[in-house]
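Asks: This is the structure alone, sequence omitted:
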DNA sequence: GGGCGGTTTCACAGCTTCTTCACAGGAGGA
DNA sequence: TCCTCCTGTGAAGAAGCTGTGAAACCGCCC
């Protein structure tokens, strides 16, 4: 007897697969893959990544992220979000060098958008 | 030799043979073989192995495993799954040295995937 | 009853992850 | 440029999870 997985119940805007290009997230399976290979994340890391990914391309405040992941009252001096953003950035940078996923918006919060970082020498941009 | 058996596939239930390389499971016959030789497992051990094998390569929570094998309400401090994972690991390690089958996902659960035991961790990203 | 194999529970060691802190580094405005 | 506030980061202790041996428990058979 398969009891179905709790989906929408647990996850606000639940979808089975979040496609971020080479990065793929399957929240219901606790799985994050890069080019099909599994990326090892801890519980918090996964939760935060999912929370960001579900709000893709939008600036999300720390407070909203904290509410989504930690589910307890947010203190204004809370730094957990920052710390886990760093952890995620490191793992993602290792798995996908040259890509940037989590962008900082000073004074506002974070935004997840897969994008190439121009760390390599590039010919001047021309219109 | 291999006449019309339903291939084990992605569908959890109703698989006749689960092929894990040198390890083969025939749930309907209560049989587990290594290189064709029968491996002696107790009922619980077999049930747990089958439950994991039918969810191959996926992280399975203790709760789901407990539901599949024990079929009674799961207490959050329940340790039976861990104990039987250990029993299975021991017997499998003895039968197939150098292979690892049951992987722990801290905070999530267990995952069955046949793989060589190499130290092959993500060197990055801790702390 | 006593022995036997299997199952469940228990206690604790060991390890991983989470939270918090302190300070360094940057961004933005005056 | 200087000052202030915000974010990045490493480290350390706290908290939580898993591994493990052994004892307790259970049903079955002699």
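Replies: Everything's here; your move. The shown structure was predicted, so the numbers you read here are calculated from the model rather than taken from an experiment.
Asks: And the residue in chain A that DNA strand D sits nearest to, how far from residue A:75?
Replies: With CB to the nearest atom of the strand as the measure, residue A:104 is the residue of chain A nearest to DNA strand D, at 3.8 Å. C-beta here means a position set from N, CA and C on the backbone, and glycine is covered the same way. Distance of residue A:104 to residue A:75, computed by CB to CB, to the nearest Å: 20 Å.
Asks: Specify which residue of those two has the higher count of neighbours.
Replies: Counted by other CB atoms under 10 Å in any protein chain shown, residue A:104 and residue A:75 do not tie: residue A:104 has more neighbours, with 13 against 10.
Asks: Can you tell me the element the more buried one falls in?
Replies: For residue A:104, the host element (DSSP states H and E) is strand A:99-105.
Asks: got it, and residue A:97?
Replies: Under DSSP H and E, no helix or strand contains residue A:97.
Asks: Likewise for the one 10 residues further on?
Replies: Mapping residue A:107 onto the secondary structure by DSSP H and E places it in no helix or strand at all.
Asks: Check what pLDDT it gets.
Replies: pLDDT recorded at residue A:107 is 96.
Asks: and it, how many residues sit next to it?
Replies: Applying other CB under 10 Å, we find 5 residues neighbouring residue A:107.
Asks: Do the longest helix seen in chain A and DNA strand C come into contact?
Replies: With DSSP state H setting the assignment, residue counts place helix A:80-95 as the longest helix in chain A. Yes - Helix A:80-95 is in contact with DNA strand C by CB under 7 Å from any atom of the strand, via A:80, A:83, A:84.
Asks: I'd like to know which of those is nearest to residue A:54.
Replies: Among the residues of helix A:80-95 next to DNA strand C, residue A:84 lies closest to residue A:54 (CB to CB), at 15.7 Å.
Asks: Now do the strands in chain A.
Replies: With DSSP state E, the ranges of strands along chain A come out as A:18-20, A:23-26, A:31-34, A:37-38, A:59-60, A:99-105, A:109-116.
Asks: Buried residues, the last one. List them.
Replies: Yep, that's strand A:109-116 we're talking about. Within strand A:109-116, the residues scored as buried using 16 or more other CB atoms under 10 Å in any protein chain shown are A:109, A:110, A:111, A:112, A:114.
Asks: which residues of chain A score low on pLDDT?
Replies: Along chain A, segments meeting pLDDT under 70 span A:1-15, A:117-127.
Asks: Flag every residue of chain A that's near DNA strand C.
Replies: A:42, A:43, A:44, A:45, A:70, A:78, A:79, A:80, A:83, A:84, A:106, A:107.
Asks: who touches the residue nearest the centre of chain A in this structure?
Replies: Of all residues in chain A, the one closest to the mean position by CA atoms, centre = their mean is residue A:49, 2.7 Å from it. Shown in contact with residue A:49 (CB atoms under 8 Å, 6 or more residues apart in numbering or on different chains): A:25, A:32, A:41, A:88, A:112.
Asks: contacting residues around the fourth one?
Replies: What it means is residue A:88. Residue A:88 neighbours (CB under 8 Å, 6+ apart): A:41, A:45, A:48, A:49, A:101, A:102.
Asks: Closest one to residue A:20 out of those, please.
Replies: Nearest member of the contacts of residue A:88 to residue A:20, counting by CB to CB, is residue A:101, at 7.4 Å.
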